[in-house]
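Undergrad: Show me the folded form of this:
(2 chains)
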Amino acid sequence: MPYTPDKPKLAESSDELRARIPGWGADLDPADRPSVPRERFDPTFSGAWWEFPERQPEKVPRERSIEHKFLTPVFGTVSPPRGVSGAIRRYAYKRYSEGRAAHWLLLMVADRVDVAGSTVLSIFSRHPDNPITETGVPAEASHHPVSSRTDDRRTDVRHQALDPFIVAAPWVLAAGVTYVLARKVIRRAA
Amino acid sequence: MVYRGPYRIRAEEKDRPAVEHPNDAIVRVTKAAICGSDLHLYHGMMPDTRVGTTFGHEFVGVVDEVGPSVRNLKVGDRVMVPFNIFCGTCYFCARGLYSNCHNVNPNATAVGGIYGYSHTSGGYDGGQAEYVRVPLADVGPSLIPDWMDEDDAVLLTDALATGYFGAQLGDIVEGDVVVVFGAGPVGLYAAKSAWLMGAGRVIVIDHLDYRLAKAAEFAHAETLNFTEYDDIVVQVKKLTDHLGADVAIDAVGAEADGNLLQHVTAAKLKLQGGSPVALNWAIDSVRKGGTISVMGAYGPLFSAVKFGDAMNKGLTLRMNQCPVKRQWPRLFEHIRNGYLKPSDIVTHRIPLEHIAEGYHIFSAKLDGCIKPLIIPS
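TA: Here you go, the predicted structure:
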């Protein structure tokens, strides 16, 4: 107990644990643990044969953190910034470092704009969004929805009653604000 | 697998990835997994997650094409690919910090490159697909040993390596009391690994009984369902003679539900990098002078962490994304010796075309799901 010097005794000794648990103590010596020491200078372990990787061609302008000195020699090429969300993303990267909350909050805003725009645009595509199949809800019919709920085996039960309000409230609020503003503009024009 | 927005994904035909860099390989995926941290993307919690991207950082496959400068791999090789994309020679890689590579992620300096983990991690597509671009193929992938089961190999690409790494970060010494928050795949592997490092007692905490049953069976752990206690911190203190645990491992991360305020500000409004409930419980449950290990993934925004308590208690906080490849040689030995059998926690095998259902099952913890594997068409 903490009020006296000795550490509380455990119910099982090391020998008992070794007998009961396969591999107990195999890495008892910290030297046997792969990430000890935390930093170990060994540039040959990885298989790299370069000191600096060859540079990947920049086919389209690539956004980057202003904390980097230059565009990294290797980078991902999926989903370049596009449209309004792309403009927000480019601004966030160009203007703010990773240390600024504005950087991340702008990126989150861009994500929401991207989703809204993509959802609308999908209506005009050959593969429009399907809110039922894309949420995976059909799995509810085939993967023990009742027993999962009754046995307290689900993680989302507690919030299912609350979620519609939390998810829908910003949309309802935004629709209300839009309606009020539009009405004001129309009345003023008339 | 294509992201369409929070809680919305679908299977869709995309162009086959191309070689973009001379040291790229294109890998035909034979098995992938959904990771708990994919749920942060799925729930819209990770900034710069763009519509149209493909998730998946746990995968194995067969090399289908190699770029002109690839020396260490050839077409037809069966490979396991660590979730980190890394160059092997930057300041950080040279010191074994592969998850902190400075040469592969132009979007941020705080995190390295990760497959299918938003542009925050470099803007690479992931392996929940038929084909995937594997950059710097000479350093990341390893051949799957002939004796290794493919299911075990795919779990080595993140979950097992991360769980083992989490136990290492705890700096466990013989007889330590280790408390693990979260009985998902990483928490289960961390609990199991804690014994390898000589823990004297391992306690796993979660809110789902079926996962706790797995922790007892797979990881030989004592278990606590925190919903059964008014205050889980007090319960841990009672169980440890009011001393607290020597080591606490946070294997939950941003997905922790928390109270209503935390749920709304983190999970719903995304104004925190994650709900820090598990981390705060870890800080409160560990003894003074103890160690906290964090492998639960958090977003880049700040989280309201009880830093004052951590300071006053003299805690050591250790954390990182796992440098996966550094762990492999030792983990291969443990698997060969029969100390670890990672695929014992696999509960679901889902065809790629049913990926949306797979995410829903995993996210809602429907059907007793612990670890789903994705089988490409």
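Undergrad: Please tell me how far residue A:61 sits from chain B.
TA: Counting by C-beta to the nearest C-beta, to the nearest Å, the gap from residue A:61 to chain B is 11 Å. Bear in mind the C-beta positions are built from the backbone N, C-alpha and C, glycine included.
Undergrad: and that residue, what does it touch?
TA: Counting by C-beta atoms under 8 Å, 6 or more residues apart in numbering or on different chains, residue A:61 makes contact with nothing.
Undergrad: what's the pLDDT at residue A:1?
TA: Looking at residue A:1, its pLDDT is 79.
Undergrad: contacting residues around the closest residue to it other than its chain neighbours?
TA: Nearest non-adjacent residue to residue A:1, counting by C-beta to C-beta, 6 or more residues apart in numbering or on different chains: residue B:241, 4.6 Å away. Applying C-beta under 8 Å, 6+ apart, we find residue B:241 in contact with A:1, A:2, A:8.
Undergrad: So for residue B:170, what pLDDT did the model give?
TA: At residue B:170, pLDDT is 97.
Undergrad: how about the closest residue to it other than its chain neighbours, phi and psi?
TA: In this structure, residue B:170 finds its nearest non-sequential neighbour in residue B:247, 3.8 Å apart by C-beta to C-beta, 6+ apart. When quoted as degrees, to the nearest 10, the phi and psi of residue B:247 stand at phi -140, psi 140.
Undergrad: Neighbours of residue B:247, how many?
TA: 29 (other C-beta atoms under 10 Å in any protein chain shown).
Undergrad: Ok, residue A:123 next?
TA: Neighbours of residue A:123 (other C-beta under 10 Å): 8.
Undergrad: need the contact list for it.
TA: By C-beta under 8 Å, 6+ apart, the residues touching residue A:123 are residue A:129.
Undergrad: do you know how far it is from residue B:98?
TA: 43 Å (C-beta to C-beta, to the nearest Å).
Undergrad: Next: residue B:79.
TA: From residue B:79 to residue B:98 the distance is 16 Å (C-beta to C-beta).
Undergrad: Looking at the two, which has the bigger crowd around it?
TA: residue B:98 (27 against 22).
Undergrad: which residues touch the more buried one?
TA: A:46, B:82, B:84, B:86, B:88, B:92, B:112, B:323, B:324, B:325, B:326.
Undergrad: neighbours around residue 38, how many?
TA: In the absence of a named chain, chain A is used. 12.
Undergrad: wrong one, I was asking about chain B
TA: 25.
Undergrad: which ones are touching it?
TA: B:55, B:56, B:57, B:116, B:359.
Undergrad: among the residues you listed, which are in helices?
TA: Under the assignment DSSP state H, the contacts of residue B:38 contribute residue B:359 to helices.
Undergrad: In the contacts of residue B:38, find the pair that's most separated.
TA: Farthest-apart pair in the contacts of residue B:38 is B:57 and B:359; separation 14.5 Å (C-beta to C-beta).
Undergrad: coming back round to it: out of the contacts of residue B:98, which one sits closest to residue B:209?
TA: residue B:324 (30.9 Å).
Undergrad: OK, contacts around the closest residue to the closest one other than its chain neighbours?
TA: Excluding the flanking residues, the one nearest residue B:324 by C-beta to C-beta, 6+ apart is residue B:82, at 3.5 Å. Contacts of residue B:82 were listed using C-beta under 8 Å, 6+ apart, and they are B:98, B:140, B:141, B:157, B:158, B:161, B:324, B:325, B:328.
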